[in-house]
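A.B. asks: Give me coordinates for this.
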Amino acid sequence: MAYEKPAITIGASPLRIADVLSIAKGDAQVVLDACPAFRQRLDRGVELLDRLISKGEPIYGVTTGFGDSCEKAIPPDFAASLAANLIRFHGCGTGRMLDDAESAAVIVVRLVSLAQGRSGVRPVLLQRLCDLLNHRILPQIPAEGSVGASGDLTPLSYVAAVLIGEREVSYNGKVVPSAKALADARLKPIELRPRESLALMNGTSVMTALACIAYERARQLARWASALTAMTSDVLRGNRGHFDDRIFLAKPHPGQRACARWIADDVEYVTGSEQHDGRIQDRYSIRCAPHVIGVLLDSLTFIRDLLETEINSSNDNPLLDLATGDVLHGGNFYGGHPCMAMDMLKIAVANVADLIDRQMALICNPATNNGLPADLVARSGADHVSHHGFKAMQITASALAAEALKLTMPASVFSRSTESHNQDKVSMGTIAARDALRVLELTETVLAVVQLALCQAVDLRNREGCHVRSKALHQAVRKHVPVNDADRRQDEDIYRVLAMYRSAELPIGEVDSV
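C.D. replies: I've put the predicted structure just below:
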């Protein structure tokens with residue numbers, strides 16, 4: 001099969017979040033490092049494992065049962081069935097299926113972890129994971145069923161099952177049996193050796209993959225929220241001096257300053273130029289927007305470093321020390337770091353939902369919107385009193401923001417003792433990552449509602465006092481959604497704006513290096 005996409009090499013150097021997402025979206029193919037030293041490291045791990053097994057050394061999950069059954073000895077004759085049975089009895093996931101990009105991201109993150117060479121898996125297994133990505137044979141992975149330690153056992157069993165030709169995949173736009181997809185791609189199922197099923201399943205790859213996707217969505221969301229703040233400042237005739245860089249140099253959080261710079265550029269503010277005759281200080285949801293959005297931006301720096309460490313780690317158990325030949329029984333499968341990252345992210349994102357919802361309240365209320373009609377009603381005839389404009393849209397935005405805020409309870413504090421009290425302290429990292437994606441979905445929808453309201457306000461102002469970002473966003477939205485000059489359903493308008501945003505058709509501005 002020929003590929004024209006750029007190649008990202010696994011095993012040569014650490015992967016970044018951007019690399020994971022490029023592969024997950026299908027924009028790049030993957031290849032294993034061809035360096036002899038990389039292949040030799042993998043081979044040494046397999047040889048060490050074989051040597052330890054032949055000597056009768058106790059190795060968790062190879063010569064013993066799993067979890068609380070680790071005291072149960074497994075004769076060598078049953079090692080192969082043990083590996084397959086681990087996959088099969090974990091086939092109990094529930095909930096929605098991860099989409100193709102999410103499923104691909106899971107494979108990428110698991111591949112990178114196993115490529116560290118401490119897991120005792122064969123190069124052929126890593127190559128087959130590459131094949132799944134390059135052929136876009138993507139496991140159907142249920143989202144629910146992981147407590148985040150011992151890693152993402154249940155959802156990762158759906159990756160391992162595909163390798164042995166079991167369960168289902170997404171392939172060429174259809175859900176088909178794994179065996180059929182492999183056959184169509186001229187690939188054969190693999191018979192997993194001792195340790196390989198556990199190595200595939202016993203790690204943090206699902207939570208980390210979903211966290212990578214959440215991270216990138218949050219970066220884009222921060223820029224959109226900044227653009228909407230600029231529009232709100234324009235239509236309310238706000239004080240552009242609130243975004244003067246000198247203010248933010250006095251409290252120099254980098255993300256906060258970057259947000260203020262974005263907004264200042266969007267409203268075309270020049271330092272010291274503002275001559276303001278109206279309200280000298282705008283309400284907090286405008287004046288302090290960089291201080292709210294900036295928290296999200298600054299948290300992303302910490303989250304990126306944490307996730308990229310997790311991506312490039314050996315996070316299964318046990319691990320092999322190739323230098324000494326020791327088997328290291330530990331707990332790197334514990335997902336506390338990704339969990340903390342996602343608990344942090346969802347709080348920062350939900351605060352942005354709350355911020356933009358407050359801006360919506362300002363522009364709909366005649367007591368605070370500086371002369372705009374109540375609820376942004378654009379009807380001018382005698383029947384204008386029977387129209388309600390964006391009244392219900394404000395309720396929708398408020399409901400969505402409230403739900404986002406409700407989901408900010410940290411997942412990590414809900415640890416449960418499971419599996420006969422062997423897994424008696426667990427991370428809940430996958431739940432945190434799923435929560436973060438849901439909070440992002442809700443917040444993106446809040447912003448879509450407010451985007452429509454702000455475009456309505458620009459029309460009501462006849463574009464007067466509007467600057468570069470307001471004009472660009474208004475023009476883009478109006479290509480797909482007409483002005484609301486009479487009461488009508490607006491759910492389809494919301495979906496159109498969301499589709500524009502998610503396909504990068506909405507000119508929200510560049511995210512720069514944040």
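A.B. asks: for the protein, what spans make up the strands?
C.D. replies: 7-10, 29-32, 94-97, 138-139, 142-144, 168-171, 174-177, 319-321, 326-328 (DSSP state E).
A.B. asks: out of those strands, deepest packed?
C.D. replies: Of all the strands of the chain, strand 138-139 has the most neighbours on average by mean count of other C-beta atoms under 10 Å, namely a mean of 27. Placement of C-beta: from N, CA and C, glycine included.
A.B. asks: Let me see the contact set for the closest residue to Tyr171 other than its chain neighbours.
C.D. replies: With sequence-adjacent residues excluded and distances taken as C-beta to C-beta, 6 or more residues apart in numbering, Tyr171 is closest to Ala181, at 4.0 Å. By C-beta atoms under 8 Å, 6 or more residues apart in numbering, the contact set of Ala181 is His135, Ile137, Val169, Tyr171.
A.B. asks: Take those residues and write them to a markdown table, including distance to Met201 and pLDDT.
C.D. replies: As requested, these are exported to a markdown table (distance: C-beta to C-beta, whole Å; pLDDT from 0 to 100):
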| residue | distance to Met201 | pLDDT |
| --- | --- | --- |
| His135 | 22 | 98 |
| Ile137 | 18 | 98 |
| Val169 | 17 | 98 |
| Tyr171 | 22 | 98 |
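A.B. asks: and those residues, which two are the farthest apart?
C.D. replies: Farthest pair in these (C-beta to C-beta) is His135 and Val169. Separation: 9.8 Å.
A.B. asks: just to revisit the earlier point, mind putting the strands of the chain in CSV, distance to Glu196 included?
C.D. replies: Listed next are the strands of the chain as CSV, based on distance: least, C-beta to C-beta, whole Å:
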stretch, distance to Glu196
strand 7-10, 17
strand 29-32, 16
strand 94-97, 24
strand 138-139, 16
strand 142-144, 22
strand 168-171, 19
strand 174-177, 22
strand 319-321, 13
strand 326-328, 15
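A.B. asks: Out of those strands, which is closest to Phe248?
C.D. replies: Distance to Phe248, taken as C-beta to C-beta, is lowest for strand 7-10 among those, at 36.6 Å.
A.B. asks: partners of the closest one in the sheet?
C.D. replies: Note on strand 7-10: by DSSP bridges, its sheet partners are strand 29-32 (parallel).
A.B. asks: for Gly120, what are its contacts?
C.D. replies: Gly45, Val46, Leu48, Leu49, Arg195, Glu196, Ala199, Leu320.
A.B. asks: What pLDDT is listed against it?
C.D. replies: Here the pLDDT value assigned to Gly120 is 92.
A.B. asks: Ignoring the adjacent residues along the chain, who's closest to it?
C.D. replies: Nearest in space to Gly120, with sequence neighbours left out and distances taken as C-beta to C-beta, 6+ apart, is Leu49 at 3.9 Å.
A.B. asks: you'd agree the one you found is up against Arg195?
C.D. replies: Yes. Under the criterion of C-beta atoms under 8 Å, Leu49 makes contact with Arg195 at 5.9 Å.
A.B. asks: Quickly list what's touching both of those two.
C.D. replies: Shared contacts of Leu49 and Arg195 (C-beta under 8 Å, 6+ apart): Ile59, Val62, Gly120.
A.B. asks: Would you check how far apart the last one and Val169 are?
C.D. replies: What it means is Gly120. According to C-beta to C-beta, to the nearest Å, Gly120 stands 26 Å off from Val169.
A.B. asks: Also Thr324?
C.D. replies: Counting by C-beta to C-beta - Thr324 and Val169 are separated by 40 Å.
A.B. asks: all helices of the stretch 51-200 of the chain, in order?
C.D. replies: Under the criterion DSSP state H, counting those that start in this stretch, the stretch 51-200 of the chain carries helices at the ranges 79-89, 100-114, 123-135, 153-163, 178-184, 196-201.
A.B. asks: Kindly reformat those helices as a markdown table containing distance to Asp266.
C.D. replies: Output for the helices of the stretch 51-200 of the chain, formatted as a markdown table (distance: least, C-beta to C-beta, whole Å):
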| stretch | distance to Asp266 |
| --- | --- |
| helix 79-89 | 52 |
| helix 100-114 | 30 |
| helix 123-135 | 38 |
| helix 153-163 | 41 |
| helix 178-184 | 47 |
| helix 196-201 | 47 |
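A.B. asks: To Ile141, which of these lies closest?
C.D. replies: Of these, nearest to Ile141 by C-beta to C-beta is helix 153-163, at 4.5 Å.
A.B. asks: avg pLDDT for the closest one?
C.D. replies: 97.
A.B. asks: Same question for stretch 331-341.
C.D. replies: In this model, stretch 331-341 has an average pLDDT of 95.
A.B. asks: List of residues touching it?
C.D. replies: Counting by C-beta under 8 Å, 6+ apart, 148-152, 202-204, 207-208, 211, 302-303, 306-307, 309-310, 313-317, 319, 411-412, 426-430, 432-433 sit against stretch 331-341.
A.B. asks: one more time with 6 Å, if that's ok
C.D. replies: 148-151, 202-204, 207-208, 211, 303, 306, 310, 315-317, 412, 427-429, 432 (C-beta atoms under 6 Å, 6 or more residues apart in numbering).
A.B. asks: same deal with stretch 104-117?
C.D. replies: Taking C-beta under 6 Å, 6+ apart as the rule, stretch 104-117 contacts 10-11, 15, 20, 23-24, 41-42, 45, 121, 126, 129, 132-133, 138, 203, 205-206, 208-209, 212, 311, 314-315.
A.B. asks: what comes up buried for that stretch?
C.D. replies: For stretch 104-117, burial by neighbour count (16 or more other C-beta atoms under 10 Å) applies to 104-117.
A.B. asks: shaky segments in the stretch 201-350 of the chain?
C.D. replies: Counting by pLDDT under 70, the stretch 201-350 of the chain has low-confidence residues at 275-278.
A.B. asks: all helices in it, in order from the N-terminus.
C.D. replies: 205-235, 245-249, 254-266, 284-287, 289-311, 336-364.
A.B. asks: Buried residues of the fourth one, list them for me.
C.D. replies: Within helix 284-287, the residues that qualify as buried are Ser285, Ile286, Arg287, counting by 16+ other C-beta under 10 Å.
A.B. asks: give me every residue that touches the second one.
C.D. replies: Spelled out, that is Ile286. Thr232, Ser233, Gly238 are the contacts of Ile286 under C-beta under 6 Å, 6+ apart.
A.B. asks: so which of those residues comes closest to Ala401?
C.D. replies: Among the contacts of Ile286, Thr232 lies closest to Ala401 (C-beta to C-beta), at 15.2 Å.
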